[in-house]
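Student: Give me a model of this one.
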Amino acid sequence: MKIGLDIMGGDYAPKAIVLGAIAAHQSLNAGEHLVLIGDTEQIKPILAEEGFNPDHFEYVHTDEVIGMGEHPTKAIVQKPNSSIAVGFNLLKEGKLDSFASAGNSGAMLVGAVFSVKTIPGIIRPCLCTILPKIKGGTGLLLDVGANADCKPDILLQFGVLGSLYAENLLQINDPKVALMNIGEEDEKGNMLSMATFPLMKDTNLFNFVGNVEGRDLFNEKADVIVCDGFTGNVMLKLAESFYVLTIKKGLKDEFFDRFNYEQYGGSPVLGVNAPVVIGHGISSPLAVKNMVLQSREMITTGLVEKIRMAFK
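Tutor: Numbers count the residues shown, from 1 in each chain. Coordinates of the predicted model:
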């Protein structure tokens, strides 16, 4: 197994990424290898500082970097030797089993769709994130930013993708899937949610439990919550602020500690032909470690193949 990691992506790259790779290495089994993609001249001193044997990793040298503020499509085309572009080429050629980066998220999405392509039958890939539940365990929210505007059939597909992820990676049997709305009643919502509701109600593709509201994100009403990427991203950023606020206020709470993004790694891109994970721009070594372990789980569970089968 070869897990690709972009060491040039993220606000604290390359140091935080390399330290995260070292931490992840301790948790990998025999036959599971990390491939570090980026400027090897910058990697070596960090490994030496940590007294870490460089032979534990494989390396692919690149000399270009896609910056956080660059236009995603232009950057992928104009910087073919950037760590993100090279990583996706290796993934496309089957030389990597997964690829993860805390770099430019737009470039990661564009790279995924351009290189390994969308799974046939899927209209739009999406991003998902983990939700901590008040009674323990976790749920899933999607889309959280890949598609600001959606159509009803796209949201229906997100329900399928989320259900498969929850079942295979979160080990939730027959996950309850709900539609995010402004009321629980069937006829509530904007044009998108009112058109999506009957599609979900009539489907046998997943276990639909109806509409949920913003206050239901962290309770037991649903395991998978579906929304457009605009709504999902707003909710994700709000939820991330809870942990920061508790720290600033000096509050120690076990539930709010679970809002620390570092624990979950990154956001998987669901609906493309290979495991791809996009990390937070501010990813710390712990977040990078969990991003690597998340990549491994996506490979070992055969999630992409299961999604492919569901959309045949």
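
Student: hey, where'd the helices end up in the stretch 1-150 of the chain?
Tutor: 15-25, 40-49, 72-78, 83-92, 105-115 (DSSP state H, counting those that start in this stretch).

Student: Just checking the distance from the third one to the centre of its chain.
Tutor: To tie it back to what came earlier, the one meant is helix 72-78. Here helix 72-78 is found 21 Å from its chain centre; the criterion is C-alpha atoms, centre = their mean, to the nearest Å.

Student: Buried residues, it. List them.
Tutor: Pro72, Ala75, Ile76 (16 or more other C-beta atoms under 10 Å). Just so you know, the C-beta spots here come from the backbone N, C-alpha and C atoms, and that holds for glycine as well.

Student: What helix or strand is the residue nearest to the spatial centre of the chain located in?
Tutor: The geometric centre of the chain, computed from its C-alpha atoms, lies nearest to Ser267 (C-alpha atoms, centre = their mean), at 1.5 Å. Under the criterion of DSSP states H and E, Ser267 resides in strand 266-270.

Student: list the buried ones in the helix or strand just after that strand?
Tutor: Using DSSP H and E, the next helix or strand after strand 266-270 towards the C-terminus is strand 276-279. Under the neighbour-count criterion of 16+ other C-beta under 10 Å, strand 276-279 has Val276, Val277, Ile278, Gly279 buried.

Student: Which strands or helices does strand 276-279 pack on?
Tutor: strand 98-101, helix 105-115, strand 266-270, helix 285-300 (3 or more C-beta pairs under 8 Å, 6 or more residues apart in numbering; DSSP states H and E).

Student: Mind putting the helices of the stretch 1-150 of the chain into JSON lines with distance to Ser284 and mean pLDDT?
Tutor: Shown next, in JSON lines, are the helices of the stretch 1-150 of the chain (distance: least, C-beta to C-beta, whole Å; pLDDT from 0 to 100):
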{"stretch": "helix 15-25", "distance to Ser284": "6", "mean pLDDT": "97"}
{"stretch": "helix 40-49", "distance to Ser284": "15", "mean pLDDT": "95"}
{"stretch": "helix 72-78", "distance to Ser284": "24", "mean pLDDT": "94"}
{"stretch": "helix 83-92", "distance to Ser284": "19", "mean pLDDT": "98"}
{"stretch": "helix 105-115", "distance to Ser284": "17", "mean pLDDT": "96"}
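
Student: Dump these to TSV, plus distance to Arg215.
Tutor: Shown next, in TSV, are the helices of the stretch 1-150 of the chain (distance: least, C-beta to C-beta, whole Å):
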stretch	distance to Arg215
helix 15-25	34
helix 40-49	44
helix 72-78	34
helix 83-92	38
helix 105-115	28
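
Student: who wins for proximity to Phe255 among the ones you listed?
Tutor: For Phe255, the closest of these is helix 15-25, at 25.1 Å, according to C-beta to C-beta.

Student: gap between that closest one and the chain center?
Tutor: On C-alpha atoms, centre = their mean, the centre of helix 15-25 falls 18 Å from the chain's centre.

Student: which residues touch it?
Tutor: The contact list for helix 15-25 (C-beta atoms under 8 Å, 6 or more residues apart in numbering) reads 5-10, 34, 36, 38, 43, 46-47, 50, 52, 56-57, 102, 283-289, 291-293.

Student: For the residues you listed, which ChimeraX command selects only the ones that are buried?
Tutor: Buried residues within these, by 16+ other C-beta under 10 Å, are selected in ChimeraX with:
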select :5,6,7,8,9,10,34,36,38,43,46,47,52,57,102,283,284,285,286,287,288,289,291,292,293
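
Student: gap between Glu254 and Thr246?
Tutor: Distance check for Glu254 against Thr246: by C-beta to C-beta, to the nearest Å, it reads 11 Å.
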